[in-house]
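**Student:** 3D model of this:
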Amino acid sequence: MRRYVAAIDQGTTSSRCIVFDHQGRIAGVAQREHEQIFPQPGWVEHDAETIWRNTEAVIGEVLDKLGIGAADIAAAGVTNQRETTVVWERATGKPIHNAIVWQDTRTAALTEELAGDHGPNRYADRTGLPLSTYFAGPKLRWILDQVPGARQRAEDGELCFGTIDSWILWNLTGEHITDVTNASRTMLMDLRTLQWDPRICAEFGVPMGMLPAIRSSSEVYADITSTALAGVPVAGILGDQQAATFGQACLTPGDTKNTYGTGNFMLMNTGTTPVFSEHGLLTTVCYRLGEEDAVYALEGSIAVTGSLVQWLRDNLGIINSADDIEELARSVPDNGGAYVVPAFSGLFAPRWRPDARGVFAGLTRFVNKGHIARAVLEATAFQTREVIDAMRADAEAQQLDVAKVTLKVDGGMVVNELLMQFQSDILDAPVVRPVVTETTALGAAYAAGLAVGYWASPEDIRANWAEDKRWNPTMSEGDRDYLMHEWNKAVERTYNWV
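**Tutor:** Purely as a prediction, here's the structure:
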């Protein structure tokens, strides 16, 4: 048996290639950051060609580090920042515009136009999603409307659309494909049929010929023809949050994970029937293994969590590195009455307020930078509490027993033990960190490895998962209720700003 599986993890801030062994342990990793481009307030772009060059580079770097070659890799999986949108020329592979990133809000007026008299839930019964700047479909429509000649070229079959997984796959293999998890984030796929919806595409003004073929999350798609992995089959594709859910072994209805990255993303496995939210959550495809039935999830997406720490570092200069925030926050016993609501791109789940913008609230002369650091961390936990409350309400309506949910956590912020304890306290629930916290890449590796028989079944994934640390709540109910009451007051100050 070949010794390893590789995962290409193309994220919002960097591209990585991670090599895993059969126990799901990291053998090697290489990473390169890329530029965040901000052409106007609320606009966020990436250079898709730079992303590809970085991806190509990290593949070579990790194999060189390990002293191995393509012959040692059983399969490769791809995971990606999900809604970020690329349109490129079919003949040359050259993008016609920078990639428009999931955080970008330029389509706010367009989403209102598409909603019309129906309101933001016009397509929710088919797609599981509200009309929002977050999703790929409106971003694609914007490119077709704004790039000269793009619409005619798309109708003539000259252009390809894809989320970043499709862009990476095109460059690796020459195939134009996506998987069900990424397709479910476009607003263009019917959740039940798992196919592009012709009526929605027509109403969005999207020629269907530019869309990739939709495949499962775990099957052999094609062999790699470029990079140091040439000859290795690509056999897994999962959007990053679904990949983390899979990597966390959330394989049973009610299993829940929360990823603490640029934003926060909580997913709850709801089984093989889509559960449509009444409380501001998204319904999404969790994964589909080959020809098996698709598994669905409820998702709460929070736009700004880890990027708020970056903002504290880069824009305000209060800390020198992200790691400094925990020590600074520990210099005070509480937030001093200060709250920060990071509605930089509006508010995502469960409030969905694109009109909101960020605020500091409760400031007095008493507040110092330690209190601000603590308020920044607490904002992540408060937003997560709002999502889990919505998730519990939706799940109970579907007779899913999640009253005593244990939250599996991963992502860059889970090394912050002050945050993890506060998260447990404000949720009144256990928080568990696994031994391998690179669960996004691991999930993509698992999907690929299962397709080629490197792992025999999902039971191998359960067997590999191991707990590293657990936090249990210690806060009184009165303190918890008071903090949430104050947080809600602060959030309401952000409304109707735009």
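**Student:** how long is stretch 86-103 from one end to the other?
**Tutor:** Looking at stretch 86-103, the gap from its leading to its trailing residue is 14 Å under the measure Cα to Cα, to the nearest Å.
**Student:** Show me what counts as buried in that stretch.
**Tutor:** 86-88, 95-103 (16 or more other Cβ atoms under 10 Å). Where you see a C-beta, it was placed from the backbone N, CA and C, and this is true even at glycine.
**Student:** For these, could you give me a markdown table that also reports secondary structure and pLDDT?
**Tutor:** Rendered in a markdown table, the data for the buried residues of stretch 86-103 read as follows (DSSP: H, G, I helix; E, B strand; the rest coil; pLDDT from 0 to 100):
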| residue | secondary structure | pLDDT |
| --- | --- | --- |
| Val86 | strand | 98 |
| Val87 | strand | 98 |
| Trp88 | strand | 98 |
| Pro95 | strand | 97 |
| Ile96 | coil | 97 |
| His97 | coil | 97 |
| Asn98 | coil | 98 |
| Ala99 | strand | 98 |
| Ile100 | strand | 97 |
| Val101 | coil | 96 |
| Trp102 | coil | 92 |
| Gln103 | coil | 88 |
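**Student:** Out of these, which comes closest to Glu35?
**Tutor:** Distance ranking of those against Glu35, using Cβ to Cβ, places Asn98 first at 10.2 Å.
**Student:** now the helices for the stretch 51-200 of the chain?
**Tutor:** Remark: helices assigned in the stretch 51-200 of the chain by DSSP state H, counting those that start in this stretch are 108-115, 124-127, 136-146, 150-155, 164-173, 180-183, 198-204.
**Student:** I'd like the ones you listed written out as TSV, with mean neighbour count added.
**Tutor:** As requested, the helices of the stretch 51-200 of the chain are arranged in TSV below (neighbours: other Cβ atoms under 10 Å):
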stretch	mean neighbour count
helix 108-115	16
helix 124-127	18
helix 136-146	22
helix 150-155	18
helix 164-173	25
helix 180-183	29
helix 198-204	15
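**Student:** right, so of those helices, which gets closest to Tyr287?
**Tutor:** Evaluated with Cβ to Cβ, these place helix 180-183 nearest to Tyr287, the distance being 6.4 Å.
**Student:** what's in contact with that closest one?
**Tutor:** With Cβ atoms under 8 Å, 6 or more residues apart in numbering as the test, helix 180-183 has contacts from 80, 82, 163, 165-166, 189, 194, 196, 212, 214-217, 237-239, 242, 284-288, 294.
**Student:** so where's the protein uncertain?
**Tutor:** With pLDDT under 70 as the threshold, the chain has low-confidence stretches at 1, 398-404.
**Student:** Select the longest helix from it.
**Tutor:** Secondary structure assigned by DSSP state H gives helix 369-397 as the longest helix of the chain.
**Student:** Relative to the helix or strand following that helix, what are the paired strands and their orientations?
**Tutor:** Scanning the chain past helix 369-397 towards its C-terminal end, the next helix or strand to appear is strand 407-410 (assignment: DSSP states H and E). In the sheet containing strand 407-410, its partner strands are strand 256-260 (parallel), strand 431-434 (parallel), by DSSP bridges.
**Student:** Determine how far strand 407-410 lies from the middle of the whole chain.
**Tutor:** In this view, strand 407-410 has its centroid 14 Å away from the chain centroid, taken as Cα atoms, centre = their mean, to the nearest Å.
**Student:** Show the secondary-structure elements that the helix or strand just after that strand is packed against.
**Tutor:** Per DSSP H and E, the first helix or strand lying C-terminal to strand 407-410 is helix 417-427. Packing partners of helix 417-427 (3 or more Cβ pairs under 8 Å, 6 or more residues apart in numbering; DSSP states H and E): helix 324-329, helix 369-397, strand 407-410, strand 431-434, strand 467-471, helix 477-492.
**Student:** Specify the angle between helix 417-427 and helix 477-492 in degrees.
**Tutor:** Interaxial angle of helix 417-427 relative to helix 477-492 (axes from the mean of the first three to the mean of the last three Cα atoms, to 10 degrees): 100 degrees.
**Student:** got the angle for helix 417-427 vs strand 467-471?
**Tutor:** Angle of helix 417-427 versus strand 467-471, following the same axes, to 10 degrees, is 60 degrees.
**Student:** Could you list the residues in contact with helix 417-427?
**Tutor:** 260, 326, 329-330, 377-378, 380-382, 384-385, 388, 407, 409, 413-414, 430-431, 433, 469, 471-475, 480, 483-484.
**Student:** List only buried entries from the residues you listed.
**Tutor:** When burial is judged by neighbour count using 16+ other Cβ under 10 Å, the buried members of these are 260, 326, 329, 377-378, 380-382, 384-385, 388, 407, 409, 413-414, 431, 433, 471, 473, 475, 480, 483.
**Student:** The residue lying closest to Thr105 once chain neighbours are set aside: how many residues sit nearby?
**Tutor:** Spatial nearest neighbour of Thr105, chain neighbours left out: Gly42 (4.0 Å); criterion: Cβ to Cβ, 6 or more residues apart in numbering. With neighbours defined by other Cβ atoms under 10 Å, the count for Gly42 comes to 18.
**Student:** Endpoint to endpoint, stretch 85-98 covers what distance?
**Tutor:** Using Cα to Cα, the two ends of stretch 85-98 sit 9 Å apart.
**Student:** Same check on stretch 145-156?
**Tutor:** With Cα to Cα as the measure, the ends of stretch 145-156 fall 15 Å from one another.
**Student:** same question, stretch 485-498
**Tutor:** Using Cα to Cα, the end-to-end distance of stretch 485-498 comes to 24 Å.
**Student:** Please identify the buried residues of it?
**Tutor:** Of the residues in stretch 485-498, those buried under the neighbour-count criterion (16+ other Cβ under 10 Å) are 486-487, 490-491, 493-494.
**Student:** How about stretch 321-333?
**Tutor:** Going through stretch 321-333 with 16+ other Cβ under 10 Å, the ones that come out buried are 322, 325-326, 328-329, 332.
**Student:** ok, now stretch 39-54?
**Tutor:** So for stretch 39-54, counting by 16+ other Cβ under 10 Å, buried means 42, 44-46, 48-52, 54.
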